Each structure stands twice: as structure tokens, then as C-alpha cells.
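Trainee: 3D model of this:
(5 chains, ligands or ions: 5)
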Amino acid sequence: QDDDVTLQLQWVTQAQFAGYYVALENGYYEEEGLDVTIQPGGPDIAPPQVLAGGGADVMLNWMPSALAARERGVPVVNIAQPFKSSGLMLTCWADSGIESPEDFRGKTIGVWFFGNEYPFLSWMSQLGIPTDGGDDGVTVLRQAFNVDPLLQRQADCISTMTYNEYGQVLDAGVGEDELVTFLYEEQGVSTLEDGIYVLEENLEDPAFVDKMVRFVRASMRGWKWAEENPTDAAIIVLDNDATGAQTEAHQIRMMGEIAKLTAGSDGTLDPADYQRTVDTLLAGGSDPVITAEPEGAWTHAITDLALQ
Amino acid sequence: MRSLIPILTILAAIVAIWYAGAVALNADWARQQAERQERVLTFSELVAETWSQDRPRLPAPHQVAVELWDTTVEQRITSRRSLIHHGWITLSVTLAGFAFGAALGIALAIGIVYNRAMDMSVMPWVIASQTIPILAIAPMIIVVLNSVGMQGFIPKAIIATYLSFFPVTVGMVKGLRAPTQMQLDQMKTWNASGLQGFLRLRLPSSMPYLFTSLKIAIAASLVGTIVGELPTGAVAGLGARLLAGSYYGQTVQIWSALFAAAALAAVLILAVGAVEKFTMRRMGFTR
Amino acid sequence: MPEPAHATTAPDAATAPAVIEARDLSLTFETNDGPVHALRDVNLTIRKGDFVSFIGPSGCGKTTFLRVAADLEHPTGGTITVNGMSPEEARKSRAYGYVFQAAGLYPWRTIGGNIRLPLEIMGYPKPEQAGRVRRTLELVDLAGFENKYPWQLSGGMQQRASIARALAFDADILLMDEPFGALDEIVRDHLNEQLLALWARTEKTIAFVTHSIPEAVYLSTKIVVMSPRPGRVTDVIESPLPKERPLDIRDTPEFIEIAHRVREGLRAGHVED
Amino acid sequence: MPEPAHATTAPDAATAPAVIEARDLSLTFETNDGPVHALRDVNLTIRKGDFVSFIGPSGCGKTTFLRVAADLEHPTGGTITVNGMSPEEARKSRAYGYVFQAAGLYPWRTIGGNIRLPLEIMGYPKPEQAGRVRRTLELVDLAGFENKYPWQLSGGMQQRASIARALAFDADILLMDEPFGALDEIVRDHLNEQLLALWARTEKTIAFVTHSIPEAVYLSTKIVVMSPRPGRVTDVIESPLPKERPLDIRDTPEFIEIAHRVREGLRAGHVED
Amino acid sequence: MSGGLVLAALVVWAGGWWMNARLARMRARPGLGLAAPVVFGVTVLLMWELVVRGLNVPGAILPPPSAIGSAFVVNGGTLWEDFVQTFLKGALSGYAIGCGLAFLVALAVDRSGFLKRGLLPIGNFVAALPIIGMAPIFVMWFGFGWQSKAAVVAVMCFFPMLVNTVQGLAAADRMQADLMRTYAASPWQTLAKLKLPAAGPFIFNGLKICTTLALIGAIVAEFFGSPTLGMGFRISTQVGRLALDVVWAVILVAALAGSAFYGLVTLLERAATFWHPSQRGR
Ligand SMILES: Nc1ncnc2c1ncn2[C@@H]1O[C@H](COP(=O)(O)OP(=O)(O)OP(=O)(O)O)[C@@H](O)[C@H]1O
Ligand SMILES: Nc1ncnc2c1ncn2[C@@H]1O[C@H](COP(=O)(O)OP(=O)(O)OP(=O)(O)O)[C@@H](O)[C@H]1O
Ligand SMILES: Cc1ncc(C[n+]2csc(CCO)c2C)c(N)n1
Ligand SMILES: [Mg+2]
Ligand SMILES: [Mg+2]
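Mentor: Ligands and ions are numbered 1, 2, ... in the order given. Below you'll find the model as predicted:
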């Protein structure tokens, strides 16, 4: 009898989550004796909330959001970190005159909220740029999850992921030379992205720990397969997309970019990366994500067993 | 036939305005594109460009029509790319939500009409409940129900119910109170029981009101379903198509999903209308 | 009009048993503008087989009296008995049929269905229902219209159907509140004739409200003239007309004389409004 | 009734000028169930100062005739002139006042406001409006009710207000469609008296639809009896009664005779419904 | 202990029911009309508090009313700014534009049978469009500010208002209209003195429907892009931060504002259509 595991994604089905779909389709979960259900997320679903409500056993989340949830009384713990580096960046029109972050002053910038605003706010506060408009500061727009504000020139810069929105801007017919990009990674304000989290109290249950060990092992196997077979992985993702709205070309390119982010990780969280994320967040401005150094927010217990 | 002429005229006017609007809204982008390619557009080229963009601000009518055709007729109806497939998913939830909503609405109305305590206390809250922005609580409903193990169909149906019970309650309260004092007295002179009074007087009297509110309710149920489909991971259904279209900048896809939804609503309203006509004729209301 | 309230005990009618008997009956409605005295100290005896008309200016309490007798309104003073029982018991024993001012047929039922309605409610067996519907329809000259809907009939025919509905079940009291108010004179004459014939045949006791003096005189064995605010009985006129009444009787001197007396009674009680 | 259609040219009335003159007037409504002949070949002359009553069974075209004269309906055959003009010209020159069957007061205006309505529309100067409203309200015995709303008045009072509204402006033709239909007999008598007095005083020409035979006989100088489908004039009765008419006149033999003739005329044209 | 609180909730419910049943049997008295819904509301809130505490529901799922209340007080300033942005700027202006435009179009439709036959069926179809789907498009067209919210609200309000007003302008009965004809009144006079007053109840019906639509529309539109304030913005970002107490405080503001707006229009209706039987009945 297979153990049931429900995984809550933090976004709609796309190649960003290829590793899990590959593990499912290629039977890696089954080989580990797991019956995995993958629940896609959406714009207004907060995965920690789902976890807290008992709607899922394990979730994917960006670390800022997970740490914020921890402070809010939902004790989630990082058990694995398949994404080594961050794909988040700002994409700006070159003709807006922006060359360095200092030039953001007086400009309009689209930012994703719902937990993704933290790294940006922390970056701006480190630079000493106010975020409430004016000639001296930036005007922040709450950007929906598409690139229209840039194309329609409603904003000078918008948030993009290397693997998704940036490609959409190019697809729209904009040349790379017309754009200027600022990768958070390169600005030294990157935070950890897609990690695997569970509720702390569940880790006291050895059966659950065992289940998670097998889950992480199979998932990482899926990721490595996806890195090596990007096209096939993209097709697997497409097969799992219930909306029928994704295109093959876009998913294949996305898989290529995602592979760059997962490349450096075997699933084990690098404590240095964790510390950098926490430092970035603690440096946040007036409305900090987290107010104190978190404790027990990650564990190597699972990955240590999984990667033996 | 004669009644079609005004409709067609107005429709033609709308399409003309639409095409003109497409030129106006999409021209900027067309010029930028031309600049990138170092071309200069003549007016007719500009018009042609604005009517054939991949990511237009406003797609031209024929683009929407082609997309509708491609995603309905050209696809197997079981395909995930088929609007009929998504329409069916939305429809099934809509119908379930409508059924719950109508039942709840009628039950509440009966309570309000027959119980003075309910009449006095519940109605203001029923109205207040409709001032709550449903899109804001939809994700919460989904999470809460998810935590008790309900996913997909039922949460969406509950949101649809939430939107559709209100017009039914309001209409049925009016309808159940439609009998005149004289008709009620008449029942009393025959010493009719409460149940007889309900079945033979109040219920039949409320039929015209019921159907009017059912038409509003089924449209509301569709809106509720689509709202419910937005945050549920945009898995499937017309709402998911709308959202996915928005994520990937597929304006044409948004518009075609919108039209499919409006057409679905129109069909549902017509269907309720047909049931109404049949019932009313059977009951002898129609002259 | 001196001492009219005791005229009820006219010698020739005193033989039959009393069917409706009001003693010092009063009814006051409490409204936002203060109390409205709809009935004050009404004393009236209606005997078996009587055809009693109530006439009086608008708002004098005619409808209220009928409604009290039918247990649709509760008196605030005095007593009233119907068939020797309280009005409530009488209603529960289905002692009377009530014809409202408007026809009030249910639009979603056919004429037959409307007449069947009280029978269904009172639990008459199915086959008997059909028979009764057929017979009452014939009685009011509507045979053949059983399956028509009310709106397919003229106003007069609807009114007849509503009378049929009150006749379909076995009640030997008929309370009729301006049943012919909305009809034109010729149709009204015709229905008056038929009502008289029916009354003569069935020996029912009828209490009948009207605004029309000729109608009251033509139909009744006893005419109750009322005055408004507070609603009182100002005159009770026993009709000397024979039971057999052709329409022409209305041009006879006796008729005109009674009509004159009714009009005088009315005018005396009438308050300029 | 042989050759009744030419009775209109009675010798004693022929002196005054014609105010409404219908020649072979016909009106057919096209309905889903086929054509309805509301009026067929109506010939009628109403002269200045006449008080003409129209009587006939329901649906015989009385209202339709008044509406044609008022340019609310267009004839499909024949001609009609009002004050020598086409009905449309007459309407635009505000030649008549029309009183509908129901009072039809605007509920959002006070009684005074309702009576002022035609004056505002016709552009009477403000101070004159106030004077006219006051005077017509007195005329119909409603002084003091100027600032009440229609629903605060009884049916009879509303009806009087609606008559006042038609009298407020200077039109010397008055078209009245069953204005007293819904009133009780006493109030009706009272209003009949007042209307006669008004007519005698103002020398207006009045066309008056009614269902009541006594009312028609009591009021009119000329009674037009109509029969239904197709609506035709079957009899035109010139009244020999004097212009001065106390209410008692209704008990005189002449009165009863005319009433009898009207009833016979009606019954002849009446189709059993 | 948790079971005890749930039990207490049941007791509260029974108590609330009993009180309302008693209120219902009392004679009408001023203020009584308000008492019953208040008792009902308080009962619901108490039960909510007790059940949430009794069952230990995480605050990240459903906060108790007491937490919502304190969030409401603590965040008063932000909530007020959000309210100004969403309600005063977005919803009210959209409401005015949508209803005003619909009113003018209704006047045109009333004059022209052609428009009536052509526009109304199409209007019914367009009214069935789920405006949720229009929101992202309007944000694209009209920007992130309140203008796009107003546009969504205007579109949402347009058709209900149009349909009601057209119906209202045709509501004057034939006799009332004929009366105007006998006076040879001009079309403007007929409009001002007959059609508009007679249409009053219908127009207010449309206005009332639109009050609830307006707020919902403005909030929904903010979900598809907004500046960094507004009620929709607040709800969606605070859900992301699991600050559910703040989210519910915003919902509370929405419900209060919506009910107050509805109540205000109802009062105006009562004043303007005092003559209508439905207003006189009480
Ligand atoms: N439910 C009620 N509440 C308050 N007052 C009432 C009620 N019913 C009747 N009345 C008042 O009681 C008085 C008598 O009314 P009733 O209906 O009996 O008069 P009526 O003689 O039948 O008049 P009509 O000829 O107009 O039918 C009237 O003044 C009326 O306004
Ligand atoms: N607008 C219309 N369309 C079709 N038929 C009509 C219309 N108006 C009246 N009729 C028909 O024309 C005939 C005459 O109607 P009219 O209203 O003139 O009758 P009437 O004599 O005034 O009757 P009543 O005494 O009932 O008022 C009737 O058969 C009526 O049904
Ligand atoms: C509920 C929720 N929605 C969006 C994001 C942000 N996010 C996560 S992956 C991704 C890429 C989209 O291409 C984005 C925008 C989030 N963290 N949580
Ligand atoms: Mg009465
Ligand atoms: Mg008529």
C-alpha cells in the first residue's frame, strides 16, 4: 500500500515544477512507495495557509514567504532546497534611461506582492530609495502576474522571472538590446526560491519523516532527469496542464532556464544561502518581513537521509 | 424577421466601433514594432497590423472568432484545448451551484415568510452578505474546505451558491407574499390547513417571481463559478482560461473565453426561460 | 328613524330558526390614526331561508359584519353566533360559503379547477368532486367552460364561476360581498334573476352586500340599512314583495316605494364626504 | 328599432352649432384574433350646449368614440370633426377636457398639484394658476384638500379632483368616460346634481359615458344607445325633461318612461355573454 | 475545554433564537425593527468566536471576531486610506459614470423604438458577460490607478441601470400618458411631469442593485493590478502575509460601506418616491 502525499505548488502548472511532474510520470514516486497528488496553486492561494489548514502535506514556497508564515504562527520548516539560485529580476526599458539601481529614482516599477515584495523592499531600503513615489523615490505598482505593464509602458521596470516573464517580453517582439535587467542574484539581494517545506510538528513523527525522505529523494531524481532531458520534461509538464493554455515552445525554453537554477543543488539547503536570505530580509525597511532571526526554520534531517 | 433588423444594425455598429477601437488601441505597438524593423507603415499597413497582432490590447473581432472556431470546432471536445471541454466543466459546477442556491434561497424565503423571528432578523444580513466581495473570500473558502478534504467541484459550487441564493430569496419572499389578503381569507373560509394554503395558494402564486429570480440566479451562479475557478490553481474551466490567458498575455484567449462565458450565460437564461414558458403554460398563466 | 334596531323581530319571519344572531356586536380597529369604530352595538337576527341585503355608504361596516360572521375578524364587543355556534366553530364545520367582492379566481387553475379547489381542501372523494363541479357549473350556466382559464372568460362569467365555487360544497349559508359590483346593468339583471331562482330552489340563507338600491330591493326579504362611523344599523326593512319576482316588478309602485324608503334611510345616515 | 340612425337631427336642437360631428365613422382594431369592429358607420351630431350620454353594454365602443373625438384613436373610416376642425387640431388647440374612467391622479403630486398640471403645461401664468386651482377645488367641494396626496382621499374625492382637473382650464367641451362608475349611490346622486348645476352655469358641451340607466336619463338632453360588435348607434333619445331637474324627478312617470325606453333599447342590443 | 466552548456556542445560538422569537411576538415599537437583526448578528459573532477558539482553528485560516476587531482598530489609518482609494475614488466615480450614462442612453432608447429593439437584446447578452473577465483588460487599458476600477464599475452598473430605467420610462400607464396627450403636452413636458416621476421606483431599483455591484467591482478590479493601496490590494497582499485578521477587517469595511451605501440610496428612494404604495405600506 502506497503512502499518500499531497504537494501544494505555489503557482499554476508550468516547467518551474518540472522535477515533480517528471518524478510522478516516470514512476519515481511509485518506486519509493508514494502516491503523490500535485495540487497546482494560483494567484490568491497562499501555500502556507493550505498547509496550516491540513489541505496538503508538503508545499513549495519562496523562503521570504515561508519565514513570514513562520513568524505569523504557521511553523513551516525547509526540508530541501532544489533551487540553488534565484531567477528573480527587474526588467526595464533601456530608453527610460535606467542604467543602475540609482536611476530608479522617479521611475515607476512593477512589483509582485503576495510575499514577493519583500526582497524588493529590502533592496530599496538598502539603497536608501523610498518606495512611496515622488521624484526621489520609486512609484510601486502592484503588478499582476503578466508583462503587460512593461509592454504598455505603464511601468518603466517590472518584475520578471528569468524563466518565464522575461521570455514573454522577448516573445512579444522586444529586442534584448532594448532592455536592461537587474538580477537580484547579482545585486546581492537574492533570496532563496522554490524550497520544500512541511509543518514542524509533523517532523516529530518518524513515519512522516520517512515519507518525506522518500519524497525528496524521488523529487531530486526527477529534477536531475529534467535537467538532462529538458524537452521531454517540458512535454511532461504540458501533459499535466489542465488548462490547455500553455505552449510547447514556451515551456521548453522555461525548462532550459529552470535547469540553470537547479543545477547547483542536490537538494540540500546551503546554510550560507539561508543566512544571506535572512540577512536580506532583516535589512528590510519600515515594514519588515521578519523582525527576528528565525530559529529552526530549516533542517538537514531529511536530505541527509535521502541523499545517503 | 423584422425584429432582427434593428439587432443586426446595432450589431454592425458595434463591430465597426470595435474594429476602429482595435486600430486605435493597437496602433502604438504596431508603430513600435515597425520602428524596430526600421519600416515606415502606410495607413493601410498600419490597419492590417493592428488587426493581426499576437498580443493586441484589443483583438479584432475576426481574431476572436477564429480563436473561438479553433478551440471549439477544430478540437476534440475532450481535449484540454477545447473550449467546449472547459465550458462543460464550468457548466457542471454552475448547475450544481444553481441547484443548491435555488434550494437554499427557497428554503430561506419560506422561513422568512412563515417565521416572524426570521423575517425580522435574517433579511438585513442576507443583504449585507451580498456586500462582501466574494473574490476576496473565495480563496479562503477554498482553503477552508480543502482542510476538511473537499476540493475542486464542491468549493466552486459553494461560491456559486453564495452568489445565486440571494436573488432567489428576494424574489421568493415577494412571490410567497403575492397572494392578496382576499385569497388568504378565502383559504381560511374553507378551513384549509397551513400546508394546503402553501401548496395550493402561496406556491403557485410565487411562480412568476420564482422564474424571474431564477434567471438572475443562474447568471450569478456562472459568475460565482468563474470566480471560484480563478484562485483554485486555474486548473480547468472558463475561469481558468481567462486567468491563463492573462498570465501569458494571450488577449485573444481572454476574449474568446469571455464570449464563451457570455454565450453560456445566454443559453442558460434561455433554458430557464423555456422551462418558465412551459410551466407557465401548463399552469395556465400564459394567455 | 325612531327605534329601528328592534324591527328585526318582524312577526312573519320569527317562526324560522335563527341562523346568524348578533347581540350588541362591536368591532373597533386600532390604527395609527386612532381607533376606527367599524361596528357599534349591532343587533340583528338572520333566520333560516332569509335573503338579507346590507346597504349603506362606503365604510359603514358591511364587509366587516360579513367578515365577523365568517370568523375572518374578531369582534371587540358583544356576541355573534352562526348556526348556534361561535363563528370559529361554524367556519371549521364549513357552515358557509363566502363570495368576495372581486371574483378572485386563481389564474393558474381552470374554471373547473377553481370550483374543485374547496372540495379538494375539504377532502371530498374524487368522483364526487367531478359530479359536484359539473352540477354547480350547470347551475350558473357555465357548462362547457370547465377547462377554460379565468382570463378566457368575461367579467360576468368569472363572477358566476366564483359564485359556483361557493356553492359547490354543502354550506347552507351564503355570504356574498358585492358580488355584482363590477358588472354592467344588463348582465347584473340577469345574474340577479338567477340568484333569486337558486335561492328559491335551494332554501339557502343568504347575506348579501350591495351598493345598489334596486338590487337590494329586488333580491331581499329583508334590507339592512347601515350608517357609518360608528357603523350602526339604522333601519331594517321587511320586504312585502312576493317570493316570485319577475324583473318587471321593479316598475311597480310597491317596489318604488320600498326603494324610496331605502334611499331616505341612506340619505339620513349619509355623512357628506 | 327601425331607422334609428337619423334621429340625431331632432328639430328643436338643430338651432345650435355642431360641436362634434361624426359621419359614417368606423374604427376597426387589428388584433391577433382578427379584426375587432369597435365602431361601424356611426352618424352623430352633438350641438353646442348638449349634454349627451352614451349607454350600451360593455365593449360596444363608447370609450372608443370618446377617444376618437379626443384624437387618442384614429378612425379607419368616415370623418369626425370637433369644433369644425380635425380632432388633432382640436386637441392641439386644447378644445376639450377629458375625464377618464378611473381618477388617474398622479400619486406624486398633491391634489392641488394635479389640478395645476394642465395649467403648467398650457403655460398659464403662475398667479392665475393658483386662482384657478382654488376656484375649481371649491367647485367640486374639495377646498382645504389642496395639499393632500391622492391616496389620502377617498375614491369619491379622488374622482371629484379628477373632474376639477378637467375643469381648471378653458375648454368648452367636456368628455367624461364613466366618471362616477366606482362610487356609491348617494355620493353619485350628489355629484350628478353638481355636474348638472355646473353644466347649466357654464354652458359647456358634455359627452358622458355611463352604465347606469337612471344616471343617463337624469343628466342628459340626449341619450345615445349603442349595441356591440360592430359598435353601432341603435337609438338616440331626446329627453323631454326640463333643464331644471331636482333629484325627485326620477320618481316621475316621464322619467320612468324614458328609462324604460332606454332599457328596452339596451336589451334589444344585448348579446348574452 | 474546547468541547465546552463549542457547547457554549450552541447555548448562545439557542439564546439568540429565543430572544428573537420573543421579539417577534412583541408589538411593533420604534427601534424594535433594529433589535432583531442586531440580536442575530451578535449571536453569529459570539458563536464564531466560541467555535474558532473551541476547535483551535489556526488564525491563519479563520481569525476570531475579537482579533478582527482589534486589527480594525490598530489599522484604522490604513483602512481609511484604502477606503478612500477604492470606495470614494473607484467605486463612487464608476457608479456615477455608469448610472449616469445608462440613464441618458435609456432616455434615447425610450424615444426610439429602433434602439429599443436593437440595443436591449444585445444589452442582455453583454450584461451576462462575467465582468471579472473584463477586469484585467481594463487594467491594461486604463492603468493601475482608480480609473480602471471606475471603468469596471461603470460597465457593471450600466446594464442593470439601463434595463431598469427603460422599464421605468415605460411604466406610466396608458391612461396617464393619454392624459398628457389630451393636454397636447410636448415630449419634454411629458418626460418631466409624467415619465420621470413614474419611473422613479424603477430607477431607484437600478440604483440599489448598483450599490452592491459598485464596491464588489472596484475591489475585484484591484486584484488585477493596483497602486500600493486600496481594499482589494490590502486583501490580496495580506492574505499573502497570512494576516487574516487584517483581511477580515477590510472585508468588514467593505460590508459596512456597502450596507451604508445601500441604506443611503434606500433613504433617498423613500424621500423621492414617497408616493409609491411600496413606500407607503409601512
Ligand atoms: N383591517 C382594518 N384596519 C383598520 N380599519 C379597517 C380595517 N378594515 C376596515 N376598516 C375600516 O372599518 C370601516 C368599515 O369598513 P368596511 O370594509 O366594513 O366598510 P364597507 O361598508 O364594506 O365599505 P365599502 O362599501 O367601501 O366596501 C372603514 O372605515 C374602514 O376604513
Ligand atoms: N387597443 C385596442 N385593441 C384592440 N381592441 C380594442 C382596443 N381598444 C378597445 N378594443 C375593443 O373594441 C371594443 C370596444 O371597446 P370600448 O373600450 O370602446 O368599449 P366600451 O363600450 O367603452 O366598454 P366598457 O363599458 O367595458 O368600457 C371592445 O371589443 C374592445 O375589446
Ligand atoms: C501565490 C503566489 N503567487 C505568485 C508567487 C510568485 N511566483 C512564484 S513562481 C512565479 C513565477 C511565475 O512565472 C511567481 C510569480 C508566489 N510566490 N506565490
Ligand atoms: Mg366592503
Ligand atoms: Mg369604456
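Trainee: give me the low-pLDDT residue ranges for the chain?
Mentor: Went with chain A since none was named. Counting by pLDDT under 70, the ranges of chain A that qualify are A:284-288.
Trainee: that's the wrong chain, I wanted chain E
Mentor: E:1-2, E:27-33, E:280-282.
Trainee: skipping its backbone neighbours, what lies nearest whichever residue of the stretch 151-282 of chain E sits closest to chain A in space?
Mentor: Residue nearest to chain A within the stretch 151-282 of chain E (Cβ to the nearest Cβ): E:Gly240, separated by 3.4 Å. C-beta here means a position set from N, CA and C on the backbone, and glycine is covered the same way. Residue nearest to E:Gly240 in three dimensions, not counting chain neighbours: A:Phe114, with 3.4 Å by Cβ to Cβ, 6 or more residues apart in numbering or on different chains.
Trainee: let me know the helix or strand that that neighbour is in.
Mentor: Using DSSP states H and E, A:Phe114 is not contained in any helix or strand.
Trainee: give the contact list for it.
Mentor: By Cβ atoms under 8 Å, 6 or more residues apart in numbering or on different chains, the contact set of A:Phe114 is A:Pro43, A:Asp44, A:Ala46, A:Ser65, E:Ser236, E:Thr237, E:Val239, E:Gly240.
Trainee: do that again at 7 Å, thanks
Mentor: A:Phe114 is in contact with E:Ser236, E:Thr237, E:Gly240, counting by Cβ atoms under 7 Å, 6 or more residues apart in numbering or on different chains.
Trainee: what helices or strands is the helix or strand harbouring C:Gly97 leaning on?
Mentor: Counting by DSSP H and E, the element that carries C:Gly97 is strand C:96-99. Counting contacts by 3 or more Cβ pairs under 7 Å, 6 or more residues apart in numbering or on different chains; DSSP states H and E, strand C:96-99 is packed against helix C:155-167, strand C:173-177.
Trainee: immediately after the shortest one, which helix or strand?
Mentor: On the C-terminal side of strand C:173-177, the nearest following helix or strand under DSSP H and E is helix C:185-202.
Trainee: mean confidence for the helix or strand following that following helix?
Mentor: Beyond helix C:185-202 on the C-terminal side, the first helix or strand identified by DSSP H and E is strand C:205-209. Strand C:205-209 carries an average pLDDT of 93.
Trainee: returning to that earlier point: from A:Val180, how far off is the residue nearest to E:Gly240?
Mentor: Applying Cβ to Cβ, to the nearest Å, the value for A:Phe114 to A:Val180 is 25 Å.
Trainee: which strand or helix spans the closest residue to E:Val220 other than its chain neighbours?
Mentor: Spatially, and ignoring its direct neighbours in sequence, E:Val220 is nearest to B:Leu135 (4.8 Å; Cβ to Cβ, 6+ apart). For B:Leu135, the element it lies in under DSSP H and E is helix B:134-147.
Trainee: neighbouring contacts of that helix?
Mentor: So helix B:134-147 is contacted by A:44-45, A:49-50, A:53-55, B:154-155, B:158-159, B:162-163, B:224, B:227-228, B:231-232, E:61-62, E:219-220, E:223, E:235, E:239, E:251 (Cβ under 7 Å, 6+ apart).
Trainee: cool, and stretch A:170-188?
Mentor: A:85-86, A:88-94, A:98-99, A:101, A:119, A:123, A:151, A:169, A:190, B:33, B:36, B:55, B:249.
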